[in-house]
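1. can't give you the sequence, but here's the structure:
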């Protein structure tokens, strides 16, 4: 139901991906730098080779035009974008595919779908644009349901109102990043929320999953950009009041933000906007020591400067992405403003970096192209392509996954060592080879960073899913045991639920379970996620 | 149980208040500028003249040292600091006074008090330092309970840990502002949360009520300063994980923040700190038109400068406080930093103010005493004394109250006119005289201000409480009808519960009621507030 067809085997549209040279470079880097070689020479199954079970549900006549059982639609909606999703797609494991894909155009459509699902004993999986990397939309709900309906919000994609005075907009839940920004642009405004999934994720999905944008400080999570929310639950709508701030009881928005489709579908909300930045500066610094770089980040983050970007990328991640030789950690700092030149801010940040032993990789002064130069530019180019890597790696038996967390500064160095060591050990024991474990900071707070880890290894193609699960278990256990959060912005989904339940206070879990019973009494919404 | 005795008839300690000259000036201003004259010549009842009912509960032996039925303690804990509280104290209306005041020293003490209250069918009123201006601690719980226990957190007042690296501290719920700042000062750190009630309010109270500090932008509410919380409920503790950020499900902290003692007592939490500011600048600007001043505030707030103060005070409020002649609105702008000079920031803010028609009241350049000069200094002096005014006004039959809200910029001007008109009309109709209605901004967001209104009028001493209620009803109805919030930072309490229930989404009210049943199954905690 889109002009360009979405891939069912990976990121983005069917016509997008790495070209042959990019793939070659990626594989060469893995082989030559890390000794990770293709263990397989497979391909994702063709659509007509997928063994798709017959749909167990048939949409009533009133849903014609809203619902479909089309094969491509069912296959696309069976999985998100996680490593295990990719492996299962490669294996042709579609027994759990949704029976019906619904494309509602209104709250009323959604309510009717809920009623129908309740009658039939079917599960409902809310679907933004399918970019979950944590099994949040994977339609594998177990045997307790008579069918699965994936509710794709793609038709509810409008910016309904723009308030240029307050700088805010009323945005429908199904609006993907580029769609909503295109509708805001004529007003000179932007939401400035750019998760890596921006192209294939939605406003409602961001709110439901507490998405993190690419801004590294201050307004990191979508949480801070939400003025109000409208959530359609099976028992009615939850509509909060649009306000710039309030002290009236526990925040109803903060209760729905992060509910991951378990309590309802966020159909729209008012979001805070900003003027489109006209002043920009980017600088790059190199550090011989990762912890020195981290201390520089801490100094900048505690100085009250609020850079748009404040990121360090370790030597391994730079190597994986062809942006470094492994001998240094890169720090990227950038400032943006719609109002004033940012030189004062950047000069203060630079002072912190130089004080902590940084050397200049890319000079920011009089250099509007800084973000495209040096290691900064090389990493940036790789960053944009990263989501396309996996479809090249899974069929070749190369595991490649990421996980992210947050921790306060006082515990960071010990925490980092523990997580890296646990992950590297698991990778070595499971695959029998070294592999690679890397880290960058995705977001930074005055009281602590959000470290983002990646691991890559040569798997046994026959046991790839199980090998991934073992490594994931070890890394997740380590995050929780060492005091971190199981996720800073990837969300909980099915993949993190076990550790999320360890992390959250037990009585708060009971409160969520009670809320689930109240709002979703037939227990149809995204089973197994958040509240159960 | 304190060295200096707290007043039961007003703000602060018994030895503090307005002196004779200050009182004379206040009364003269009311009389001469606004025609508001004393209608009474009364005095608050002496302690031994208060008709206090016999305590209905007797503390078991194990609570000796923790519990008391002392008369002064019971009288002090019967009311908070609201206008109706003041009137009722003046009338000697202590029939509802708590039977027991408990001063727990640990979570275990609190749990034992809950158990005892549950056994006896008594209500429990969590008490920070009693500064609620919305009936949040007023122990008037109706006839459904066999007694009332006020749980005063004053002995749990320690800063338990300071993390200088992350800039955070673990603070007990009963620590009052000056106590916790004194414990942070040796570390060169500050919470920088300074509500007007700072001296007589607590960390736990701030978290429970979503307190707003004196910083006008960015970190306004305590909400943003909380890393984690520990809440003792009748069924166990809710302990969230200490993290700089997280995306793991709905925030457990945000659910307890604003729960106002209805779900448990917040016994401690980790809070984010900042370096003590060493660079400061303050400027004052005058505007002939209140809305021009508001537009200047909007411009500064949308420029991404994050001033520590960004406040406008209208002509009426300046007149009431002897800081102006009614012909201008005052704007106060200040910047602070522990890291860098703030001149660049202030110069940009100044440009916005001058662009919008402001003229300089107090020059900031090379002027470290700016905050003490001109209308800025005069208003500041009055601001510090404001909490002491009421004890002079109530016995003289002069109504004087404030309420606050928040609204987006697009609706602000119409909203302001509607609220001011409704309040002034009610004041005129109820008292038969003009009185005074004023407005300032207490906090400002890029998408809207938090207007803070005050009203003053000459009451009929025999009907003062009823007259207040009528005006309060009209103003509150107007806030809700015009799209505002019933409170931006004063909290809900008993006084706002009716309008809070109109404001919050109905189904979220049901979720809160379910949480109340789950966490407080005997329904003993702060009855009538937030969840019921």
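-> That came in fine, so what should we check first? Given the structure is predicted, the values throughout are model-derived calculations rather than measurements. Residues are numbered from 1 along each chain as shown, chains lettered A, B, ... in the order given.
2. show me the shaky parts of chain A.
-> Where chain A drops to pLDDT under 70, the residues are A:1-2.
3. tell me how it divides into domains.
-> Taking automatic domain parsing as the domain assignment, the record places the domains of chain A at A:50-276+A:496-532, A:279-387, A:389-488.
4. ok, which of those domains comes nearest residue A:42?
-> Residue A:42 lies closest, by CB to CB, to one member of those: domain A:389-488, at 4.2 Å. C-beta here means a position set from N, CA and C on the backbone, and glycine is covered the same way.
5. and the longest helix seen in chain A, what's buried?
-> Ranked by residue count, the top helix of chain A under DSSP state H comes out as helix A:409-431. When neighbours are counted by 16 or more other CB atoms under 10 Å in any protein chain shown, the buried residues of helix A:409-431 are found to be A:409-412, A:415-416, A:418-420, A:422-424, A:426-427, A:430-431.
6. against the centre of chain A, work out the most remote residue.
-> Relative to the C-alpha centroid of chain A, counting by CA atoms, centre = their mean, residue A:61 is the outermost residue, at 36.3 Å.
7. which strand or helix spans the residue in the stretch 101-250 of chain A that chain B sits nearest to?
-> Across the stretch 101-250 of chain A, no residue is closer to chain B than residue A:244, which sits at 3.3 Å (CB to the nearest CB). Here residue A:244 is covered by no helix or strand, with elements defined by DSSP states H and E.
8. and the closest residue to it other than its chain neighbours, how far from residue B:405?
-> With CB to CB, 6 or more residues apart in numbering or on different chains as the criterion, residue A:244 has its nearest non-adjacent residue at 3.3 Å, and that residue is residue B:448. As for residue B:448, its distance to residue B:405 is 10 Å (criterion: CB to CB, to the nearest Å).
9. returning to that earlier point: the residue of the stretch 101-250 of chain A closest to chain B touches residue B:451, doesn't it?
-> No - with contacts counted by CB atoms under 8 Å, residue A:244 stays clear of residue B:451, the gap being 11.0 Å.
10. so what sits against both of the two?
-> Counting by CB atoms under 8 Å, 6 or more residues apart in numbering or on different chains, the residues touching both residue A:244 and residue B:451 are B:406, B:407.
11. what about residue A:196, which SS state?
-> Using DSSP: H, G, I helix; E, B strand; the rest coil as the criterion, the local structure at residue A:196 reads coil.
12. pretty sure residue A:267 sits in a strand.
-> Yes - assigned with three-state DSSP, residue A:267 falls within a strand.
13. quick one: residues contacting the closest residue in space to residue A:427 that isn't next to it in sequence.
-> On the basis of CB to CB, 6+ apart, the spatially nearest residue to residue A:427 that is not a chain neighbour turns out to be residue A:435, at 4.3 Å. Residue A:435 sits next to A:34, A:36, A:399, A:424, A:427, A:428, A:455, A:456, A:457, A:458 when contact means CB under 8 Å, 6+ apart.
14. neighbours of residue A:5, how many?
-> Neighbour count for residue A:5, taken as other CB atoms under 10 Å in any protein chain shown: 12.
15. for it, phi and psi?
-> Per-residue torsions, residue A:5: phi -80, psi 140 (degrees, to the nearest 10).
16. that one against residue A:12, yeah?
-> No - counting by CB under 8 Å, no contact exists between residue A:5 and residue A:12, whose distance comes to 10.5 Å.
17. what about the residue of the stretch 401-532 of chain A found nearest chain B, how many residues nearby?
-> In the stretch 401-532 of chain A, no residue comes nearer to chain B than residue A:448, which is 3.3 Å away by CB to the nearest CB. By the measure other CB under 10 Å, the count of residues near residue A:448 is 30.
18. that one contacts residue A:413, correct?
-> No - shown here, residue A:448 and residue A:413 do not form a contact pair, counting by CB under 8 Å, at 11.7 Å.
19. report how many residues lie close to residue A:269.
-> If we define neighbours as other CB under 10 Å, then residue A:269 has 28 of them.
20. cool, residue A:147 as well?
-> Other residues lying near residue A:147 total 18 when counted by other CB under 10 Å.
21. ok, it - contacts?
-> Residue A:147 makes contact with A:55, A:56, A:57, A:99, A:100, A:120, A:121, A:122, A:123 under the criterion CB under 8 Å, 6+ apart.
22. at 10 Å instead, please
-> Contacts of residue A:147 were listed using CB atoms under 10 Å, 6 or more residues apart in numbering or on different chains, and they are A:55-58, A:98-100, A:117, A:120-124, A:141.
23. that older thread, what sits against the residue nearest to residue A:244?
-> A:163, A:165-168, A:227, A:242-245, A:272, B:298, B:301, B:406-412, B:415, B:484.
24. buried ones among these?
-> Neighbour counting over these (16+ other CB under 10 Å) leaves A:163, A:165-168, A:227, A:242-245, A:272, B:298, B:301, B:406-412, B:415, B:484 as the buried ones.
25. shared neighbours, residue A:448 and residue A:413?
-> Taking CB under 10 Å, 6+ apart as the contact criterion, the residues that touch both residue A:448 and residue A:413 are A:407, B:165.
26. the strands in the stretch 151-300 of chain A, which residues?
-> A:159-163, A:168-172, A:189-190, A:226-233, A:236-239, A:265-272, A:274-275, A:279-287 (DSSP state E, counting those that start in this stretch).
27. right, so those strands: which one is the most enclosed?
-> Among those, strand A:265-272 has the highest mean neighbour count (mean count of other CB atoms under 10 Å in any protein chain shown), at a mean of 26.
28. sheet partners, orientation included, of that strand?
-> Strand pairing for strand A:265-272, determined by DSSP bridges: strand A:168-172 (antiparallel), strand A:226-233 (antiparallel).
29. ok, how many other residues are close to the closest residue to residue A:18 other than its chain neighbours?
-> With CB to CB, 6+ apart as the criterion, residue A:18 has its nearest non-adjacent residue at 5.0 Å, and that residue is residue A:388. With neighbours defined by other CB under 10 Å, the count for residue A:388 comes to 19.
30. and the stretch 301-450 of chain A, which residues reach chain B?
-> By CB under 10 Å from any CB of the partner chain, the residues of the stretch 301-450 of chain A that approach chain B are A:301-306, A:335-345, A:347-348, A:351-352, A:404-413, A:443-450.
31. got a list of what residue A:177 touches?
-> Counting by CB under 10 Å, 6+ apart, residue A:177 touches A:129, A:191, A:193-195, A:197-203, A:205-206, A:213.
32. for beta bridges, what are the partners of residue A:335?
-> For residue A:335, the beta-bridge partners under DSSP bridges are residue A:281.
33. helices along the stretch 251-400 of chain A, start to end?
-> Taking DSSP state H, counting those that start in this stretch as the criterion, the stretch 251-400 of chain A carries its helices at A:252-256, A:290-301, A:315-320, A:343-355, A:374-385, A:390-393.
34. deepest of those helices, which one?
-> Ranked by average neighbour count under the criterion mean count of other CB under 10 Å, the helices of the stretch 251-400 of chain A are headed by helix A:252-256 at a mean of 25.
35. what's that helix packed up against?
-> In this structure, helix A:252-256 packs against helix A:203-209, strand A:226-233, strand A:236-239, strand A:265-272, helix A:506-519, helix B:252-256, helix B:506-519, with contacts taken as 3 or more CB pairs under 10 Å, 6 or more residues apart in numbering or on different chains; DSSP states H and E.
36. could you dump the domains of chain A into JSON lines and include distance to residue B:29?
-> Supplementary listing: those in JSON lines, determined by distance: least, CB to CB, whole Å:
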{"stretch": "domain A:50-276+A:496-532", "distance to residue B:29": "30"}
{"stretch": "domain A:279-387", "distance to residue B:29": "39"}
{"stretch": "domain A:389-488", "distance to residue B:29": "43"}
